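> here is my input; please provide its structure:
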Amino acid sequence: MHGLKRIFYSGALSGVIELPEDEARRLKTVLRAQSGDRVELLSETSLAEGVIASVGKKNVLVRVDSVRAAVRPEYDFTVYQCLTKREYMDRMVEKYAELGVTRIVPVISARSLNSLKDNAFVRFGAIVRDAALQSENEFLPEITEAKNISEIKAEHESCLLFHERAGEKSFPDRIARNVGIIIGPEGGFTEKETVMLTEKGFRAYTPLNCVLKAETAAVLFAGMVRIGLS
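Prediction:
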C-alpha cells in the first residue's frame, strides 16, 4: 500500500520489532508517526507492513503483519559516472537512486577526481536508502568500486555516451531493457576517451545544443533514459 510511512530496516522482518534509534527518531520526528499508525519496513530484499505498537521516549515498537518480496524493476540500468566533487557526486547518486538506476559505477577519467575515500561508500549507502524511501522504490541500486575508464566495457544491449558535441543530434528512439550510459566529469571527456568509448561500442548522442554541467547532465539524461524504460 503506497502512501504509508516507510523506513529502512535491515533486521529480520517478523514479530514485534524494536527499531534502531535512528529509524525510531525518523518515525517520531520526521514522519510524525504515532501509536496505531500503519507503517512499512523496507529491507534490501523484502517489504513488511505493520502497525506501531508503542512510541516511547527512546524507542518505537512495530508489530509486523505481513511480509513480501520487494519488487525489483524489469530492466537493468547502469550508470557509469565519472567522479566529481563530493557535493556533486552525492547529489548525482541520490538522483540516480530516485530515478530507479539499478547499478552505479564510479569512473576515474582524465578530467575526473582520481579516487574515492573509503567513507564515500558508507555515505553513498545512506544516500540511496533515503532516496529509495523518498521515491517509494523497493530496491537499492548496487554501487560498485571505482573503475578506470579504460576498464569500462560496452556490455549492455544499449550503450549510450552523452557528449556535448561529438554525438548524433538526437536522442535514441529505442532504449533496450538492459542499458548502460556514461556521464563525463566536469570538463567532459578527452578526445582520446571519446574515441576509445565509441570504438568499444558506446554510441554517442548530443540531444541538446548546449553544454551542461555534469550534475545537470546526470539528472537529465538518466531521467530521459528512465522514461524510455517505463
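> for stretch 103-121, buried residues please.
Ile104, Val105, Pro106, Val107, Ile108, Ser109, Arg111, Ser112, Leu113, Leu116, Ala120 (16 or more other CB atoms under 10 Å). To be clear about C-beta, it is placed using only N, CA and C from the backbone, and glycine gets the same treatment.
> show me what counts as buried in stretch 37-48.
Asp37, Val39, Glu40, Leu41, Leu42, Ser43, Leu47, Ala48.
> what is the mean pLDDT for that stretch?
On average, the pLDDT along stretch 37-48 is 95.
> could I get that stretch in PDB with only the CA atoms?
The C-alpha coordinates for stretch 37-48 follow below in PDB (Å, rounded to 0.1, in the frame of the first residue of the first chain):
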ATOM      1  CA  ASP A  37      -0.300   4.100  12.700                       C
ATOM      2  CA  ARG A  38       0.400   1.600   9.900                       C
ATOM      3  CA  VAL A  39       4.000   1.700   8.600                       C
ATOM      4  CA  GLU A  40       6.200  -0.100   6.000                       C
ATOM      5  CA  LEU A  41       9.600  -1.500   6.700                       C
ATOM      6  CA  LEU A  42      11.900  -1.900   3.700                       C
ATOM      7  CA  SER A  43      14.900  -4.100   3.700                       C
ATOM      8  CA  GLU A  44      17.300  -5.000   0.800                       C
ATOM      9  CA  THR A  45      15.100  -7.900  -0.200                       C
ATOM     10  CA  SER A  46      11.700  -7.500   1.400                       C
ATOM     11  CA  LEU A  47       8.900  -5.100   2.300                       C
ATOM     12  CA  ALA A  48       6.900  -5.600   5.500                       C
END
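> can you list the domains in this structure?
Per the record, the chain has its domains at 5-69, 76-229, by automatic domain parsing.
> contact partners for the residue nearest the centre of the chain?
The centroid of the chain falls nearest to Ala97 when counting by CA atoms, centre = their mean (2.1 Å). Counting by CB atoms under 8 Å, 6 or more residues apart in numbering, Ala97 touches Ile127, Val128, Ala131, Ala132, Ser135, Asn137, Leu140, Pro141.
> rewinding a little: pick the most deeply packed of the domains of the chain.
domain 76-229 (a mean of 18; mean count of other CB atoms under 10 Å).
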